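>>> kindly generate the corresponding structure for this input.
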Amino acid sequence: MTPSKALFWFCISFVAGIGLASSFGIAEDKMIEIPQLFLWGFLFLAILVIFLPFVIRVNSSIIRENSLIFGFCFLFLVLGILRFQIAEFNIENDMLRKLKIRPEKITLVGQIVDEPDVRDKFQKLRVKVDETNSLILVTAARYPEYNYLDNVKITGNLKTPMVT
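Here you go, the predicted structure:
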């Protein structure tokens, strides 16, 4: 198998791992994590498939090559599942998500990380908050104008954006 085909199968395995992990969602806010025992089993299987032909001294180079590719596909599947679960964990445990529950106004300090989206009556700013390293979308009045990399102090209520 050519290296480009092997890379293709590794990428497909990684994306399949992400798809497998994302298909375990029940509702919009509730996720079922894939059990760690299942992931460790897949990881052990991947290592076994990679190293077994070298341990039992298989003479066929085709079998060794295919077992390497198959084993690394398992490995990339597990990495895709773990990548999805890490991203979900970071989203669920974000400090701003916990602050959203408060009804009172809060004050955040951050830096504008993208060019402002200026409209007729307002502007939208993507701000990276200093304390949490989170990214928020701020809708502000048209004036004063803000620029990329400006440091801003924002006071207001947090709302979850509507998904379209």
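
>>> out of everything not next to it in sequence, what's closest to residue 22?
Distance criterion C-beta to C-beta, 6 or more residues apart in numbering; nearest residue to residue 22, sequence neighbours excluded, is residue 84 at 5.9 Å. No exception for glycine: its C-beta is placed from N, CA and C like everyone else's.

>>> buried residues in the longest helix seen in the chain, which are they?
Counting residues, the longest helix found in the chain (DSSP state H) is helix 61-92. Residues 67-82, 84-85 are the ones in helix 61-92 that count as buried (16 or more other C-beta atoms under 10 Å).

>>> before we move on, what about stretch 39-58?
Result for stretch 39-58 [16+ other C-beta under 10 Å]: buried residues 39, 42, 43, 46, 49, 50, 53.

>>> helix, strand, or coil at the spatially most distant residue from the centre of the chain?
Ranked by distance from the centre of the chain (C-alpha atoms, centre = their mean), the top residue is residue 59, with 41.4 Å. What DSSP: H, G, I helix; E, B strand; the rest coil gives for residue 59 is coil.

>>> follow-up on the earlier one: which elements pack onto the longest helix of the chain?
helix 3-22, helix 36-55 (3 or more C-beta pairs under 8 Å, 6 or more residues apart in numbering; DSSP states H and E).

>>> from the chain's centre, how far out does the last one sit?
So that's helix 36-55. Distance of helix 36-55 from the chain centroid (C-alpha atoms, centre = their mean, to the nearest Å) equals 25 Å.

>>> send me that helix as PDB with only the CA atoms.
Extracted in PDB, the C-alpha atoms of helix 36-55 (Å, rounded to 0.1, in the frame of the first residue of the first chain):
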ATOM      1  CA  GLN A  36     -12.800   4.100  29.300                       C
ATOM      2  CA  LEU A  37     -12.600   0.300  29.400                       C
ATOM      3  CA  PHE A  38     -13.800   0.300  25.800                       C
ATOM      4  CA  LEU A  39     -11.100   2.800  24.800                       C
ATOM      5  CA  TRP A  40      -8.400   0.900  26.600                       C
ATOM      6  CA  GLY A  41      -9.500  -2.300  24.900                       C
ATOM      7  CA  PHE A  42      -9.300  -0.700  21.500                       C
ATOM      8  CA  LEU A  43      -5.900   0.700  22.400                       C
ATOM      9  CA  PHE A  44      -4.700  -2.700  23.600                       C
ATOM     10  CA  LEU A  45      -6.000  -4.300  20.400                       C
ATOM     11  CA  ALA A  46      -4.300  -1.700  18.200                       C
ATOM     12  CA  ILE A  47      -0.900  -2.300  20.000                       C
ATOM     13  CA  LEU A  48      -1.400  -6.100  19.700                       C
ATOM     14  CA  VAL A  49      -2.200  -5.900  16.000                       C
ATOM     15  CA  ILE A  50       0.800  -3.600  15.400                       C
ATOM     16  CA  PHE A  51       3.400  -5.700  17.300                       C
ATOM     17  CA  LEU A  52       2.000  -9.300  17.000                       C
ATOM     18  CA  PRO A  53       3.500 -10.100  13.500                       C
ATOM     19  CA  PHE A  54       6.900  -9.000  14.700                       C
ATOM     20  CA  VAL A  55       6.700 -11.100  17.900                       C
END
